[in-house]
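Colleague: Requesting a structural model of the entry that follows:
(chains A, B, C and D)
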Protein chains: 4
Amino acid sequence: MLLRLGYDMQFDIPEPVACVAQLRVHSSRAPGLRAPDHVKVEPEIAVEEYADSFGNHCTRFLAPAGTLRLKNDFLFEDPGLADPVQAQAVAHPIAELPHEVLRFLLPSRYCEVDSLTPAAFDLFGNTTPGWGRVQAICNWVYAKVMFGYSFARPTKTALDVFAERQGVCRDFQHLAITFCRALGIPARYVAGYLGDIGVSASDTPMDFSAWFEVYLENRWWAFDARHNLPRIGRVLMATGRDAADVAFFTSFGAANLKSFLVISEELQDGLGPKP
Amino acid sequence: MLLRLGYDMQFDIPEPVACVAQLRVHSSRAPGLRAPDHVKVEPEIAVEEYADSFGNHCTRFLAPAGTLRLKNDFLFEDPGLADPVQAQAVAHPIAELPHEVLRFLLPSRYCEVDSLTPAAFDLFGNTTPGWGRVQAICNWVYAKVMFGYSFARPTKTALDVFAERQGVCRDFQHLAITFCRALGIPARYVAGYLGDIGVSASDTPMDFSAWFEVYLENRWWAFDARHNLPRIGRVLMATGRDAADVAFFTSFGAANLKSFLVISEELQDGLGPKP
Amino acid sequence: MLLRLGYDMQFDIPEPVACVAQLRVHSSRAPGLRAPDHVKVEPEIAVEEYADSFGNHCTRFLAPAGTLRLKNDFLFEDPGLADPVQAQAVAHPIAELPHEVLRFLLPSRYCEVDSLTPAAFDLFGNTTPGWGRVQAICNWVYAKVMFGYSFARPTKTALDVFAERQGVCRDFQHLAITFCRALGIPARYVAGYLGDIGVSASDTPMDFSAWFEVYLENRWWAFDARHNLPRIGRVLMATGRDAADVAFFTSFGAANLKSFLVISEELQDGLGPKP
Amino acid sequence: MLLRLGYDMQFDIPEPVACVAQLRVHSSRAPGLRAPDHVKVEPEIAVEEYADSFGNHCTRFLAPAGTLRLKNDFLFEDPGLADPVQAQAVAHPIAELPHEVLRFLLPSRYCEVDSLTPAAFDLFGNTTPGWGRVQAICNWVYAKVMFGYSFARPTKTALDVFAERQGVCRDFQHLAITFCRALGIPARYVAGYLGDIGVSASDTPMDFSAWFEVYLENRWWAFDARHNLPRIGRVLMATGRDAADVAFFTSFGAANLKSFLVISEELQDGLGPKP
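Modeller: Coordinates of the predicted model:
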C-alpha cells in the first residue's frame, strides 16, 4: 500500500515566537519512508531537531513575525494491513512490565487516573485482563460518548468526558486511556495519519488522527475508541501520555492558524490517487 | 555539614502487589553519599533498580502479602550552604532553552498551565522575567494560600488551590510551578530531605519535604513557595513534572501505611546529633 | 410512637455574627409537637422567626462574641410507620406537575443536573418512570458510592461524587437527587431526625440525618440513597434544592463549633427510653 | 422614553414537550406597559401563567410536535434615566437585611460562593462595604475577564471564569455576583431588555441582556460587570439566584432553536424608530 502523506499549514505570527512541531513520522515507522521527511519551513530559517523523552521527532525553531508555513508531501510504504486483532493477548502483571512502560500507568494532564479508578473498577473490573478488557472499554466509550465538534474545549479532561458524555476524537481516547491505566494496562496517546480515510462515516478527511495504544503481550497495540473498528494504514507521528505531550504544533506565544491541510491518500501503482 | 538521613516505613500488604519506591538520593547528589543508599526491604525479596525518564532512581519489587518494611539510615555530606540566591539570574528566551528542559513548560496532572495562563499573565506579567518573577510568584502563593493538613486531598490541582486558597506543601509548589510555566520559565517538582528541619515554625519534622526548581541562567535553582525562605541542606531524591511523577512509594494495588518515620538531622563531628 | 428529640450545640463566637438556624420541626410535621419547639438560645438574645421560600422555619439572630449555645429537648408523637413504599406510584408528566414543584427539576449548587443528564439517561433511561426508577437510582448510588467520613468536603458536588465514587450521607443524596431531576422527577433535599436510630449498622447515632424526597402521584415520598431501606420516624426539619438551602446552622462570619449533640430516641409509655 | 420591545423565536419540536417561558416584563416594571404582554404562542394552545418563587411571570404549556413560535411586540414607557449611581450607598449589616433577601447570599449552581470566599476577601476585603465595593468588583471582573462567544459553555460556573478568565455576558455577572455574596452583599442575576442598545461597542443588538443587582440601602441596584457603565432603559424580565433560575425558555426535552429575534428600540414621538 503506497500512501501519499503530508500537510500544509500557515500561521500568522504577530511577533517572533519559539515553536516546536511534531510533524515527522515516528522513528518506529521510518522504514516506510523513501526519504527523510524533514519539515519544510517558510521562510527558510534555522531549525533544530531533537527527540523528546518519548522518542518523538521534534522540530524546533524561532518563527519570525509574519506568515509561517509548514509543509511536506511525501510517499510512504505501508504494509496495508488492518490493525491487528489478537483477542487472546493477555495483560502483563504489573510486576513484569518493562521499566519504561510504567509511566503509562500514571495520571497525566488530561487523564485523571487517580480520580477515575473507582469508576473503572466498577465498570470493567469483571472483564478478563487483556485484550477483552481494552475492547470492553472501547465499546463503552464508543457507545456512551456523543461526538460533536461543538463539544471541543482545549482543557477538557477524561473526567469531564466521563461526566458530560460529549467530546471530540481526543476526548474519546483520553477517557479510554484513563480507564486502561486505572486497571493496570499501560496506555498511551498517539497522533498520526490514517491511511484509509473515508472508511468510517465519521472520518474527518483533512485532519490528523488520534488513537491510543495499549501494552499487552510484549508490544503496543492500536485501539481507537472514537471509531471502534480496525483501520488500515495508521502512520504514527508522535506518542505520549496524553494530548499535552503530543501536539503537531506548539508555540510559546501567539500563533494564529490561518489554513490547515492534511494529505493522506492511497496511491495506485502509477502513483495517481486510487479511484 | 554532616547529615544523618533515612526513613523507616511499614505497610500492610493484603495481597501481593507491584511497588515502586523513589527513596534513593538523586544521582546529582550522589557525591555526598559515603556508600550506596540502596533501599533495605523486609522481607528480603528481589528488587530491580532503574532510572525513570527524569533520571530518578526507582526501586521496584513485588511485595508479598504481609508486612512490608522499607528503611535506611545513612550519612550524607552536604556543603551546608543556604539555597543560593541570585537575584540577577535571567530567564532564557524559550528558543534558547536546552531541549530536555522544554517538557517542564507543559501542563501536567496537577499543574493546569493551559487553564491558568491568563491569571498568570494578569498577576505577574509585569514582573521582570527571571529571578524576580519567580520570587514574586512565591511571595504571592505564600501570602494567599492558607496552610492546613485538613485541606489535603490526593486529587487537588493547582486550579483548585488557586480558587480555594487552601492547601498543604505540595499544593503550594504545584501552584507556583504552574504560574512559572505559564510565563515561560521551566519549573519542576522536587521531593527530598531538608537538612535544617526546625528552622521554620511550620516545619513538619518527620516527613520528606517538597519544593520546586526553576531553570534560569543555565541551571536549576531551588524555590519553596511553602516556606518562602532559603533553607540549608536540601537533598534531592526525585524530580518530575509534578507529584504524579514523584512519589516515595507507589503501589499498583492496596498497601496500607502503618508507620512512617523520616530521619533528617545534622550531626556534630563526633557524630552525635547537634544540641 | 413517642420520640424524644432535641439538640445541644455550642459555638465559640470570636466577634458578633449574624446567624440563621433551621432547627425547628417543619410546619408539615407540626401536629406531632406537644408544644412549640422554639430554639433556646444562650445567652438570651432577641431572635426573629421567619419562613424561607421553601417554607422552612428559620430562627435568626445576631450572636454576640463569646459562647453561643442552641438547645432544645422535646417530645414528638410520630405514627411510627416505616417509610411508605408504593411500588406502583407513577411519575407525573412534567406538564402536569404543580407549578411550585417545577423548581425541584432545575440544577442547583451541589446538583449539576445540566452536566449529568446524559449519564442519567444512559444509566436509568430504560427504567419505568415512577417509583421503580427512583429505586433503581438509589440502588445504583448505594452500590457504587463508598461511604467514609474522610471523603467529606464542603464543596463536593454530585459531579464529584459520580466521578470519585466516594462520599458522606449528603453526597449520596445529592447524586440521587441529580439523577432524578435529570429524568424529570422532582427531587428535594431533606434534613431531619431519624426516629429509629440504630437500625442500620451505618447509623451515626448523634447526628441529624439527611435524605431526599421525590414527587410522584401528587405527593412527596422519602428515599434515602445512603441507607437504601425504609426507616421509621423521619421527622422533617428543613427542605430545599440541596444542602446549600438546608443547614441547621449558618453563620455569616466565623463561628467555631465546640460541642454538638443530637437527641433522638424512642420513649416507652412511662417516658423512659426503650430498652 | 418610549421603547418598542418584543421577540420572535421559533423552535423545532420533535415530540410533545413541557415548556416554561420567562418572557414577560417583571411585575415590578408592569406600570410601563400599556397593555398586558402575554406571550403569543403559535400554534394556539392552552397556556398557564404562574409566578415562581422569585416572583417571575412564567408561561407554561405543552408544546406539540412541529414548529413552535413565541412572539410579542409591544410598547413600553420607561423614565429614560441612566442606571442610578449612588456612590455613598452603604451595605446593610447582614443582621439587618430583610428575611427574603438572605437567600441571595447563598451559593447557587453557577455561583460557588463557598469555594470563592477566600479569593473574594483577598481581592476586595479592604474595600469599603457598600457601593464602592461592588464597583471595585465590577472593575476587576471587567478588566480581567476576556469576552468571546467561543468561550461560552452551558455549564460554565463562576469558578471556571475566575480561573480561565474568559466568558460571555452571563459569566461576567456570575463571577461578580459570587464575589458580592462572599462579602456579605446580596446579589441576584437579572435578564431583561436594554433600551439603549448600541451605546456600547460590545452590545449584541439582537439579544436579551443579562446584568445583576445588589441590595444596598433598602433597595436593589443594577450593576453590569460586562459593560461596566451605566445604561438607559433596563427593563427587567426575570430575576433569580443565577442563570439556572432565569431562562427565557426552558424545555424539559428536545426543542431546537431555529430563529431568534429580539426587538428593543427607542421610538420617537411619531412612533418611528429614532434616527
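
Colleague: Is A:Trp268 in contact with A:Met1, as I believe?
Modeller: Just so we're on the same page, residue A:268 is Gln rather than Trp. No - applying C-beta atoms under 8 Å, one finds A:Gln268 not in contact with A:Met1, separated by 10.5 Å. C-beta coordinates here come from the backbone N, C-alpha and C atoms, glycine included.

Colleague: Compare those two and say which one has the larger neighbour count.
Modeller: Shown here are A:Gln268 and A:Met1; by other C-beta atoms under 10 Å in any protein chain shown, A:Met1 has more neighbours (16 against 10).

Colleague: Go ahead and confirm the more buried one touches A:Gly32.
Modeller: No - in this structure A:Met1 lies outside contact range of A:Gly32 using C-beta under 8 Å: 9.7 Å.

Colleague: hey, what's in contact with both of those two?
Modeller: By C-beta atoms under 8 Å, 6 or more residues apart in numbering or on different chains, A:Met1 and A:Gly32 have these common neighbours: A:Glu77, A:Asp78.

Colleague: Could you pull up the residues touching the residue of the stretch 101-250 of chain A found nearest chain D?
Modeller: Across the stretch 101-250 of chain A, the shortest distance to chain D (C-beta to the nearest C-beta) belongs to A:Arg153, at 6.8 Å. Listed by C-beta under 8 Å, 6+ apart, the contact set of A:Arg153 reads D:Arg153.

Colleague: One more: the one 5 residues further on?
Modeller: A:Ala158 is in contact with A:Tyr110, A:Cys111, A:Glu112, A:Leu116, A:Asp171, A:His174, A:Leu175, A:Ile177, A:Thr178, counting by C-beta under 8 Å, 6+ apart.

Colleague: cutoff 10 Å now
Modeller: By C-beta atoms under 10 Å, 6 or more residues apart in numbering or on different chains, the residues touching A:Ala158 are A:107-113, A:115-116, A:141, A:167, A:171-179, A:181-182, A:242, C:163.

Colleague: which one is it nearest to, not counting chain neighbours?
Modeller: Excluding the flanking residues, the one nearest A:Ala158 by C-beta to C-beta, 6 or more residues apart in numbering or on different chains is A:Thr178, at 4.0 Å.

Colleague: Show the average pLDDT along the helix or strand hosting that neighbour.
Modeller: Here A:Thr178 sits within helix A:169-182, counting by DSSP states H and E. Taken as a whole, helix A:169-182 carries a mean pLDDT of 98.

Colleague: okay, and the common contacts of A:Gln268 and A:Met1?
Modeller: A:Lys274.

Colleague: Stretch A:11-19 near chain D at all?
Modeller: No - Stretch A:11-19 lies apart from chain D when judged by C-beta under 10 Å from any C-beta of the partner chain; the minimum separation is 16.5 Å.

Colleague: mean confidence for that stretch?
Modeller: Averaging pLDDT along stretch A:11-19 yields 97.

Colleague: first vs last residue of it, how far apart are they?
Modeller: Stretch A:11-19 has an end-to-end distance of 11 Å (criterion: C-alpha to C-alpha, to the nearest Å).

Colleague: And what about A:Val214, helix, strand or coil?
Modeller: Assigned by DSSP: H, G, I helix; E, B strand; the rest coil, the conformation of A:Val214 is strand.

Colleague: Is A:Gln10 part of a helix or strand, or is it coil?
Modeller: strand.

Colleague: ok, it - contacts?
Modeller: A:Glu42, A:Thr67, A:Leu68, A:Arg69, A:Leu70, A:Lys71, A:Asn256, A:Leu257, A:Lys258, A:Ser259, A:Phe260, A:Leu261 are the contacts of A:Gln10 under C-beta under 10 Å, 6+ apart.

Colleague: Please apply the same query to A:Gly6.
Modeller: A:Gly6 touches A:23, A:37, A:40, A:71-76, A:193, A:261-265, counting by C-beta under 10 Å, 6+ apart.

Colleague: So which of those are in helices?
Modeller: Per DSSP state H, helices hold no members of the contacts of A:Gly6.

Colleague: From these, pick the one nearest D:Pro16.
Modeller: Distance ranking of these against D:Pro16, using C-beta to C-beta, places A:Val262 first at 44.8 Å.

Colleague: Quick check, pLDDT for that closest one.
Modeller: As predicted, A:Val262 sits at a pLDDT of 93.

Colleague: Is it correct that it is in contact with A:Leu70?
Modeller: No - assessed by C-beta atoms under 10 Å, A:Val262 is found out of contact with A:Leu70, at 11.6 Å.

Colleague: A:Phe151 - nearest residue in space that isn't next to it in sequence?
Modeller: Looking at A:Phe151 with C-beta to C-beta, 6+ apart, the closest residue is A:Gln166, at 4.0 Å.

Colleague: Could you report the neighbour count for the one you found?
Modeller: Quick note: A:Gln166 (other C-beta under 10 Å) scores 18 neighbours.

Colleague: Repeat that for the one 4 residues further on.
Modeller: Look at A:Arg170: counted by other C-beta under 10 Å, it has 22 neighbours.

Colleague: got a list of what it touches?
Modeller: A:110, A:152, A:154, A:156, A:161, A:189, A:191, A:210-212, A:226, A:242-243, A:246.

Colleague: thinking again about what came up before, now for the contacts of A:Gly6, which pair is the farthest apart?
Modeller: Pairwise over the contacts of A:Gly6, using C-beta to C-beta, the maximum falls at A:Lys40 and A:Glu265, 19.1 Å.

Colleague: Sweet, I'm off.
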